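>>> pasting the sequence and the predicted model now:
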Amino acid sequence: MDSIKYLKSKAIKFRTIHLDGTPRTAKDVERIYGCPLNRILKTLVFTGEKESMMVIAPGDKRVDVNKLKKITKQDNIRIAKPNEVEEITGHKIGDVTPFGIERNIKKIIDESVFKNQIVNIGSGKAEIGIELNSEELKKALDMFIADIIE
């Protein structure tokens, strides 16, 4: 399902941001849009021996794989390869969004995300971002909130 349709179906309040350019990283979004990096959320895909997961973290932080291992009770976790990301999410790297993913995949979000009232996240289309209140983000996703950053 398209992320915009997904958010509307859940009655989530958000606004779309049309970016002048095609960002591939959170730093690209910061440069193009001018939003602080800590408010830009990156959605990463990791795979493990039991399951794959989407991990959402602030753009200025790195995910701690050892923390993910403890949370998921999996020893062999790694960042997904580009072809795996597309297979799991239906999106290419740089276009990944946690909204409207057809496949049932565990979503883990770093607790520090909710320190910001407003956050920005990908829509599934590189040139369109989504800005929403972090409380609306909680309503939008069935996710596990944990400390997952270094």
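That came in fine, so what should we check first?
>>> what's around Thr16, how many residues?
Residues contacting Thr16 under the criterion other Cβ atoms under 10 Å number 14. C-betas here are computed from N, CA, C, even on glycine.
>>> mind listing what it touches?
Thr16 is in contact with Ile4, Ser123, Ile128, Gly129, Ile130, Glu131, counting by Cβ atoms under 8 Å, 6 or more residues apart in numbering.
>>> tell me who's in contact with the residue most central in space within the chain.
Nearest to the mean C-alpha position of the chain, counting by Cα atoms, centre = their mean, stands Thr43 at 2.6 Å. Residues near Thr43 by Cβ under 8 Å, 6+ apart: Met54, Val55, Ile56, Val96, Thr97, Pro98, Ile121, Gly122.
>>> strands of the chain, start to end?
Ranges of strands within the chain are 14-18, 41-47, 52-58, 78-79, 106-110, 118-125, 128-133, 144-146, based on DSSP state E.
>>> partners of the fifth one, with directions?
In this case it means strand 106-110. With DSSP bridges as the test, strand 106-110 is paired with strand 52-58 (parallel), strand 144-146 (parallel).
>>> gap between the shortest one and the chain center?
In terms of Cα atoms, centre = their mean, to the nearest Å, the gap separating the centre of strand 144-146 from the centre of its chain is 13 Å.
>>> for that strand, buried residues please.
Across strand 144-146, burial judged by 16 or more other Cβ atoms under 10 Å covers Ile145, Ala146.
>>> quick one on the thing from earlier: tell me the most buried of the strands paired with strand 106-110?
strand 52-58 (a mean of 22; mean count of other Cβ atoms under 10 Å).
>>> tell me what angle that one forms with strand 118-125.
For strand 52-58 against strand 118-125, the angle by axes from the mean of the first three to the mean of the last three Cα atoms, to 10 degrees is 140 degrees.
>>> report the beta-bridge partners for Val63.
Ile149.
>>> residues contacting it?
Leu44, Phe46, Val55, Ala57, Asp110, Ile148, Ile149, Glu150.
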